[in-house]
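Asker: Next comes the sequence, and after it the predicted model I'd like to discuss.
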Amino acid sequence: MYFGVDIGGTTIKLGRFQGEGVLQEKWEIPTRIGENGKYIFDDIAASILNHAVQAGLHPSEIRGVGMGIPGPVLPDGYMEVGVNIGVREIYPSKELSKRLGIPLICCENDANVAALGESWKGGGAGFRSMFLLTIGTGVGGGAVLDGKVRKGAHGIAGEIGHITVRLDETETCNCGNRGCLEQYASATGIVREAKRVLMGTTRPSVLREIRNLTAKDVMDAAKAGDPLALGVAEDVGGYLAWAMSSVSYIVDPEVFVIGGGVSAAGEFLIDLIRKKYDVMTKLLYHKAEIRLATLGNEAGIYGAVRLVLG
Ligand code: ZN
């Protein structure tokens, strides 16, 4: 019996798995921030033990627990800071190991863990190398090459959201740079771009009628053929393709898997990216596949268990 844990800023997702990745049950608990993560690890341990007992298992039958955590985790398991969950200078796997009394606990950055999950049981299953893009509030990513997550020497490998795709940007990205992919292709970025275009022209658009515009509104209007929204969506596809073609020229994955809230735009988004990506990768005769993620918010718990299985 294995457990997969995906720690987020507001909730912690957990899953109980049998053997080689068969999900038996999943549930969520709230993330209690404070005391440098003390409650987070207390709550995870208590919840795992509770569910193990309810499933008729003795705690000694827990073979391992994998965790995804928001923030960079160094190769030795040390985490300097996890801003969203209020932890600093800890070894997350040791914290949980102390409480559960079992040695096999693995912990990795959550984006990398989600990439591992999609590559194992999701949109990247069956491919040896995959790059996951998670397009939500921000744009994250992770590279899984030959079955292994690539973290890089400093833990930022895969952070595709902060590749510079525009040089004329005046606003600053969360990272401090200007012109990052995330500023245009994230859910917030799509809305911002749509508003910029709306402000700069008197052209008619259904988007003008919408209060509290969302990225979904923009993508839906683009799908329905609204020319202004379509222009914004095409630009988003172009920026994504630009960053993805850079990834191809560096690690050449077999497949890109697109997940996160914005990927709900489905094949429409894939087609927008595909058109530009194909033009930008002239040297590639066999182009990378571009597919949608399939695990949704379960990618993290699957990847966490894959982490423990090694
Ligand atoms: Zn940035």
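Answerer: Right, received. Where do you want to start? Because the structure is a prediction, the values reported are computed rather than measured. Residues are numbered from 1 along each chain as shown.
Asker: any idea how far the ion is from E171?
Answerer: 11 Å (C-beta to the ion, to the nearest Å). For the C-beta atoms, the positions are set from N, CA and C on the backbone; glycine is no exception.
Asker: I'd guessed that residue sits against R178; true?
Answerer: Yes. Judged on C-beta atoms under 8 Å, E171 makes contact with R178 at a distance of 6.8 Å.
Asker: the more surrounded of those two?
Answerer: The neighbour count for E171 versus R178, taken as other C-beta atoms under 10 Å, is higher for R178 (15 against 9).
Asker: What sits closest to the more buried one if chain neighbours are left out?
Answerer: Distances taken as C-beta to C-beta, 6 or more residues apart in numbering place E169 nearest to R178, at 4.3 Å, with adjacent residues excluded.
Asker: same question, A265
Answerer: Setting aside the residues directly before and after it, A265 is nearest to M219 in space (C-beta to C-beta, 6+ apart), at 4.1 Å.
Asker: Which strand or helix spans the one you found?
Answerer: Using DSSP states H and E, M219 maps to helix 215-223.
Asker: Please name every helix or strand in contact with whichever helix or strand comes after that helix.
Answerer: Next in sequence after helix 215-223, counting helices and strands by DSSP H and E, comes helix 227-251. The contact analysis (3 or more C-beta pairs under 8 Å, 6 or more residues apart in numbering; DSSP states H and E) places helix 227-251 against strand 129-135, strand 139-145, helix 182-185, helix 187-199, helix 215-223, helix 267-280.
Asker: Minimum distance to the ion: which of the ones you listed has it?
Answerer: Nearest to the ion among the helices and strands packed on helix 227-251 is helix 182-185 (5.5 Å), distances taken as C-beta to the ion.
Asker: name the helices or strands packed onto the closest one?
Answerer: Under the contact definition 3+ C-beta pairs under 8 Å, 6+ apart, helix 182-185 sits against helix 187-199, helix 227-251.
Asker: among those helices, which is nearest H162?
Answerer: helix 227-251 (9.5 Å; C-beta to C-beta).
Asker: By neighbour count, which bits of whichever helix or strand comes after that closest one are buried? Give me those.
Answerer: Note on helix 227-251: by DSSP H and E, the next helix or strand toward the C-terminus is strand 255-259. Neighbour counts over strand 255-259 (16 or more other C-beta atoms under 10 Å) mark 255-259 as buried.
Asker: before we move on, the earlier item: isn't the residue nearest to A265 right next to F268, touching?
Answerer: Yes. M219 is within contact range of F268, at 7.0 Å (criterion: C-beta under 8 Å).
Asker: which of those two has more neighbours?
Answerer: M219 (25 against 14).
Asker: Can I get stretch 6-18 in PDB? Just the C-alpha atoms.
Answerer: Output in PDB follows, covering the C-alpha atoms of stretch 6-18 (Å, rounded to 0.1, in the frame of the first residue of the first chain):
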ATOM      1  CA  ASP A   6      -0.100  16.700  -3.100                       C
ATOM      2  CA  ILE A   7       0.400  19.700  -0.800                       C
ATOM      3  CA  GLY A   8      -1.200  22.900  -2.100                       C
ATOM      4  CA  GLY A   9      -1.700  26.400  -0.600                       C
ATOM      5  CA  THR A  10      -5.300  25.800   0.500                       C
ATOM      6  CA  THR A  11      -5.800  22.000   0.300                       C
ATOM      7  CA  ILE A  12      -3.800  18.800   0.600                       C
ATOM      8  CA  LYS A  13      -4.800  16.100  -1.800                       C
ATOM      9  CA  LEU A  14      -4.200  12.500  -0.700                       C
ATOM     10  CA  GLY A  15      -4.600   9.100  -2.500                       C
ATOM     11  CA  ARG A  16      -4.300   5.500  -1.300                       C
ATOM     12  CA  PHE A  17      -2.800   3.300  -4.000                       C
ATOM     13  CA  GLN A  18      -2.500  -0.500  -4.400                       C
END
